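1. got a structure for you, letters missing:
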């Protein structure tokens, strides 16, 4: 009697699991299996912007240009900008990424058909030796030690897969596209804390994407990994643009307060040296290093003032995340596309090499001093932050 009951119970459980697996296979919220007709429903798939799905897009689809980096790429760079000239462009920006993940994402594209171009966007925090990859990576192709059996189970039988399938069905029934664009860019406006994102009063602001904290150190193994990636990209015929995307210049004040200005300057010099050494080895496929983090009208926009609780800036959501309007100017500069009337990008995004990097960094320091001299309210904010730090220490 008990054996019969157990057999029946196991049959029911097996039937339920098979039904769940079949539903997840057909709905395919991560776009792993791509059964006939599933492409029609791509835009409704609830998990199309997840790490799992993005890794699948990079490995299995053919792209001409791949945009690589963290959430600043995902939020701010449009893969459908006209400057790409109709190329198939994918935004593979990964929120909170470290360079190990960015490197793995790039290498996934070498699987069957390498793209023509990488736009490889780097931040100082990507190389912070204290940071590790998030748990989200463990069951994605971004994990080089991925267990294939666990991977299939995660995409077919996990609670996460079931929830994403249910969300996909709901999107389809309501004719409402999912949060992420088909080509990988996040299209929802960011929700910020308002002025708290800008004021330099509390050190909790330093825990954001800038990584400007007292304990930050650069991982030399990740820097070597960057050099290896550039070489392997050239061997695969991929043109690479190294890019430091724009941040508001408040970022520089945070670096100074955290005691990391010299570290930042050395990092820029080291990136330039890596690009130069690569170009000597691969003169037929040189890397260009674009640095958009200088003092310009696009990085010194007035920010929310005392009493403001919303961020209504033209170019930025917060000090690190820029809006599409500024991302479009970055793409104009990278591609040579004409900027909108009234905008000038010919000197926005300096191409650095060993001949001009010293002058560039010296000017950066000089411009920072001039900016503080002409913005006494920021100097006051810095003094408050220093007072807070002294009391907290």
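-> Cool, got the structure. Keep in mind the model is a prediction, meaning the values are calculated, not measured.

2. Count the residues that sit near residue 370.
-> The tally of other residues near residue 370 (other C-beta atoms under 10 Å) stands at 11. From N, CA and C alone the C-beta is placed, and that goes for glycine too.

3. Not including adjacent chain positions, what is the nearest residue to it?
-> Using C-beta to C-beta, 6 or more residues apart in numbering and skipping the chain neighbours, the partner closest in space to residue 370 is residue 295 (7.9 Å).

4. Isn't the one you found up against residue 248?
-> No: contact between residue 295 and residue 248 fails when scored by C-beta atoms under 8 Å: they sit 10.6 Å apart.

5. The two: which is more packed in?
-> The neighbour comparison of residue 295 against residue 248 (other C-beta under 10 Å) goes to residue 248, with 23 against 16.

6. Now do the helices in the stretch 101-250 of the chain.
-> 148-156, 159-173, 220-235, 250-257 (DSSP state H, counting those that start in this stretch).

7. These into JSON lines, with extra columns for mean pLDDT, distance to residue 272 and mean neighbour count?
-> Output for those, formatted as JSON lines (pLDDT from 0 to 100; distance: least, C-beta to C-beta, whole Å; neighbours: other C-beta atoms under 10 Å):
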{"stretch": "helix 148-156", "mean pLDDT": "81", "distance to residue 272": "39", "mean neighbour count": "16"}
{"stretch": "helix 159-173", "mean pLDDT": "83", "distance to residue 272": "42", "mean neighbour count": "17"}
{"stretch": "helix 220-235", "mean pLDDT": "97", "distance to residue 272": "12", "mean neighbour count": "17"}
{"stretch": "helix 250-257", "mean pLDDT": "81", "distance to residue 272": "18", "mean neighbour count": "22"}
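
8. With respect to residue 82, which of those helices lies nearest?
-> Residue 82 lies closest to helix 220-235 among the helices of the stretch 101-250 of the chain, at 25.3 Å (C-beta to C-beta).

9. tell me what the closest one is packed against?
-> Helix 220-235 sits against helix 99-108, strand 239-244, helix 261-281, with contacts defined as 3 or more C-beta pairs under 8 Å, 6 or more residues apart in numbering; DSSP states H and E.

10. and the shortest one with helix 261-281, angle?
-> Which is strand 239-244. 170 degrees (axes from the mean of the first three to the mean of the last three C-alpha atoms, to 10 degrees).

11. Would you map the strands across the stretch 251-393 of the chain?
-> 288-291, 350-351 (DSSP state E, counting those that start in this stretch).

12. Please convert those to a markdown table, extending it with mean pLDDT and mean neighbour count.
-> As requested, the strands of the stretch 251-393 of the chain are arranged in a markdown table below (pLDDT from 0 to 100; neighbours: other C-beta atoms under 10 Å):
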| stretch | mean pLDDT | mean neighbour count |
| --- | --- | --- |
| strand 288-291 | 98 | 20 |
| strand 350-351 | 96 | 16 |
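
13. got JSON lines for those, with distance to residue 169 too?
-> Listed next are the strands of the stretch 251-393 of the chain as JSON lines, based on distance: least, C-beta to C-beta, whole Å:
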{"stretch": "strand 288-291", "distance to residue 169": "43"}
{"stretch": "strand 350-351", "distance to residue 169": "48"}
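
14. coming back round to it: just so I know, which of the helices of the stretch 101-250 of the chain lies nearest residue 279?
-> With C-beta to C-beta, the closest approach to residue 279 among the helices of the stretch 101-250 of the chain belongs to helix 220-235: 9.1 Å.

15. Pull the contacting residues for the one residue sitting closest to the centre of the chain.
-> The centroid of the chain falls nearest to residue 70 when counting by C-alpha atoms, centre = their mean (1.6 Å). For residue 70, the contacting residues are 93-97, 102, 121, 123, 125-126, 209, by C-beta atoms under 8 Å, 6 or more residues apart in numbering.

16. Residue 367 versus that one, what's the distance?
-> Distance, residue 70 to residue 367, using C-beta to C-beta, to the nearest Å: 25 Å.
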